[in-house]
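Engineer: Task: produce atomic coordinates for the following.
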Amino acid sequence: MASYSVNKAAVAHARQLIESHQYVLDSDWGEAQPDAKAQNDYLAKHSWDEFARWHLGLTDGATDDTKGRYAFVYGDLRRLHRTGLIACVYRASEWRHKDVELAAHDLLQHLDQISSR
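Structural biologist: Modelled structure (predicted):
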C-alpha cells in the first residue's frame, strides 16, 4: 500500500478557497470530482504546482510532475467541494493515512464554521 504525506501547499490553498468563499457545500462528489479528461485539460493550461494544490496527499516515492504523485483531490479544479473533503476524510481513514485524514478533517471543520456564518 502506498504511503502519503500531507501536501502543505494544498492545505493552504484549500484554506484560501474557504476564506474567499470559493466552495460548493452540496454536490454529488461522484459527478463533481475531476476525471482524467478534466485533469488533462487543467494540466494543458496550468503548471504541475497548480495541479498539486488540489490534492491533500503526496504519494511518497512517486516522481514529481506525474499524476501518480498527487492523491486525495478535494475540489473540481475550480472550487473546493465539501463532499470532496468528506471523501478525503473517509478514504484517508479507511486506508489509515492519519495525517491526511486529520488535515482533511480540520479543513472540513473550518469550512463548516465559515459557511455557517
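Engineer: For the chain, just list every one of the helices.
Structural biologist: In the chain, the segments counted as helices under DSSP state H are 8-19, 29-32, 36-45, 48-52, 82-94, 98-115.
Engineer: dump the residue contacts of residue 112.
Structural biologist: By C-beta atoms under 8 Å, 6 or more residues apart in numbering, residue 112 lies in contact with residue 82. In this view, the C-beta of every residue, glycine as well, is placed from N, C-alpha and C.
Engineer: related to what we said a few turns ago, go through the helices of the chain and name the closest to residue 75.
Structural biologist: Residue 75 lies closest to helix 82-94 among these, at 5.5 Å (C-beta to C-beta).
Engineer: ok, back up a step: need the winner for burial among the helices of the chain.
Structural biologist: helix 82-94 (a mean of 20; mean count of other C-beta atoms under 10 Å).
Engineer: Now do it: everything it contacts.
Structural biologist: Applying C-beta under 8 Å, 6+ apart, the external contacts of helix 82-94 come out as 4, 14, 23-29, 32-33, 56-57, 72-76, 98, 100-101, 104-105, 107-108, 111-112, 115.
Engineer: hang on, the earlier thing: for the helices of the chain, could you give me a markdown table that also reports mean pLDDT and distance to residue 63?
Structural biologist: Converted to a markdown table, these look like this (pLDDT from 0 to 100; distance: least, C-beta to C-beta, whole Å):
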| stretch | mean pLDDT | distance to residue 63 |
| --- | --- | --- |
| helix 8-19 | 98 | 17 |
| helix 29-32 | 98 | 27 |
| helix 36-45 | 98 | 15 |
| helix 48-52 | 98 | 11 |
| helix 82-94 | 98 | 22 |
| helix 98-115 | 98 | 19 |
